[in-house]
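Peer 1: I'll drop the sequence and a predicted model, then ask my questions.
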Amino acid sequence: MGSVYLDAAAGVPLHPAAAEALTAAVADGWADPAKLYGAGRRSSLLLDGAREEIAEVLGARPDELAFCGSGTQAAHLAILGGLAGRRRAGTRFVHSAVEHSCVLHAAERHAAAGGEAVSVPVDPDGRVDVAAFAAAADGAALASLMTANHEVGTLQPVAEVAAACRDLGVPLHTDAAQSAGRLPVPAGWSLLSASAHKWGGPPGVGVLAVRTGTRWRSPLPADERERGRVPGFPNVPAAVAAAAALRAVRTEAAAENARLSALVDRIRAEVAARVPDVEVVGPATGRLPHLVTFSCLYVDGEALLHELDRRGFAVSSGSSCTSSTLTPSHVLEAMGVLSHGNVRVSLHRYTTEADVDRFLAVLPGIVADLRTGLEGL
Amino acid sequence: MITLDQRGRRCPLPIIALARHIGDVPVGELVAVAADDPAARLDVQAWCRMRGHEYVGEEAGPDGVPVYTVRRRR
């Protein structure tokens, strides 16, 4: 019995289309795409082809899209560059309380440099209120709202917030890392960041899109690469593989979303029915198709992860005992839900119904064992 | 009212202690939990919601450690 990987939200295995493209592009796309000789032109063609394909899927123009080293770096560049470009409009940066830590780290950096960072609260489902977000964004230099939450799967009202921000004249960054390739990108963003290894591309490829007309100034020393947005020699083969994966997953998305969403519905229902004292976290609808999170009362999250790992299941947790800082997940905290005994299960194209059956078969026993001596509490 | 000293103990231990001792006071009375694990702030409130007790609030103890107060409701 092999191990079952259920942590797609952290990154999915390389899509076979990407593996094939990567091998070919390593052979063909090794030269400097900025050079004018034949090998350089081949690299440049490959890079621009990848750029066009990814831009199309994300609803951007090719010249708006730049490759960088990770989704985190893309978000840092989007936010710090967006704030630098809007310095004359002030220093207020507004974001939801449940953004990925890369957005919060950019906000901390901005605040440490004398800027203002405002966190907009969420409801118990983890969703921002459009009117409340817009009120906070009024007069801001930049706002940021993720398409979907990485820990609990909640979809955010990005299109509505983007429309409100446009009326206010405030650019909106959206972190599309969890939804890109699975769901259409909501309209109206000014800055977008995403990460290829979440959609089946190789790790080490981030995507930054700067909508034409958006004020943006590189927070890094700039060179001639990627239109001055990301300095340094680009990883052409990885970008090509990322594009191949995105093209493939977009074709598969409708069928895969339906399949994974049905499995998630099963996990939500059966965990609640078969494990006593569980809080399933996040909304039943208006969520990512492939992700479910729950917290088990009186259970140590680290022990639960360890037991699941011993039985061959790789999952993630937002419980404090599993974090390096020993603080609970800021997402669970913002939602006001139980934080200990927390498990995030996220599915991908290789997840089978049999995997889910096995997970649901072992989970109740593991939780019961970890609660030995706590009966009746 | 009783106070449970859960300093230095990580969640879920402070919540388990709360569950063990809520029955030590009559319905309507208070149990306080002194806990320095930051997760306790969230988890005491979640436990109250799941078990039908009332979360009264939080104040800092003499040593600065938060003390969370719960009213037994059932």
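Peer 2: In hand now; what should we look at? Residues are numbered from 1 along each chain as shown, chains lettered A, B, ... in the order given.

Peer 1: the residue of the stretch 101-250 of chain A found nearest chain B - nearest residue in space that isn't next to it in sequence?
Peer 2: Nearest residue of the stretch 101-250 of chain A to chain B (C-beta to the nearest C-beta) works out as A:P124 at 9.9 Å. Where C-beta positions appear, they are placed from N, C-alpha and C, glycine not excepted. Leaving aside its chain neighbours, A:P124 sits nearest to A:M335 (5.5 Å; criterion: C-beta to C-beta, 6 or more residues apart in numbering or on different chains).

Peer 1: where exactly do the helices run in chain A?
Peer 2: Along chain A, the stretches classed as helices by DSSP state H are A:16-28, A:38-58, A:71-85, A:101-112, A:130-137, A:158-168, A:236-274, A:301-310, A:330-335, A:353-370.

Peer 1: my error: substitute chain B in the last question.
Peer 2: B:13-21, B:39-51.

Peer 1: what sits up against stretch A:266-282?
Peer 2: Outside stretch A:266-282, the residues that touch it by C-beta atoms under 8 Å, 6 or more residues apart in numbering or on different chains are A:125-126, A:149, A:152-154, A:284, A:292-298, A:332, A:335, A:337-338, A:342, A:345, A:356, A:359-360, A:363-364, A:367, B:46, B:50.

Peer 1: now swap in stretch A:345-355 and tell me
Peer 2: So stretch A:345-355 is contacted by A:4-10, A:12-13, A:15, A:200, A:249, A:252, A:256, A:260, A:263-264, A:267, A:290-293, A:315-316, A:356, A:359 (C-beta under 8 Å, 6+ apart).

Peer 1: generate a PyMOL selection restricted to the buried entries among those.
Peer 2: Command for PyMOL that selects the buried part of those, burial taken from 16 or more other C-beta atoms under 10 Å in any protein chain shown:
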select buried, chain A and resi 4+5+6+7+8+9+12+15+200+249+252+256+260+263+264+267+290+291+292+293+315+316+356+359
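
Peer 1: could the helices of chain B go into a markdown table alongside mean neighbour count and mean pLDDT?
Peer 2: Shown next, in a markdown table, are the helices of chain B (neighbours: other C-beta atoms under 10 Å in any protein chain shown; pLDDT from 0 to 100):
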| stretch | mean neighbour count | mean pLDDT |
| --- | --- | --- |
| helix B:13-21 | 20 | 98 |
| helix B:39-51 | 23 | 96 |
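
Peer 1: chain B contacts on the stretch 251-377 of chain A?
Peer 2: For the stretch 251-377 of chain A, the contact set with chain B under C-beta under 8 Å from any C-beta of the partner chain comprises A:277, A:279, A:295, A:297-300, A:319-321, A:326-328, A:332-333, A:336-341, A:374, A:377.

Peer 1: if any of these are buried, put those into a PyMOL selection.
Peer 2: A single PyMOL command suffices to select whichever of these are buried according to 16+ other C-beta under 10 Å:
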select buried, chain A and resi 277+279+295+297+298+299+300+319+320+321+328+332+333+336+337+338+339+340+341+374+377
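
Peer 1: so of the residues of the stretch 251-377 of chain A next to chain B, which ones are in strands?
Peer 2: Using DSSP state E, the subset of these located in strands is A:279, A:295.
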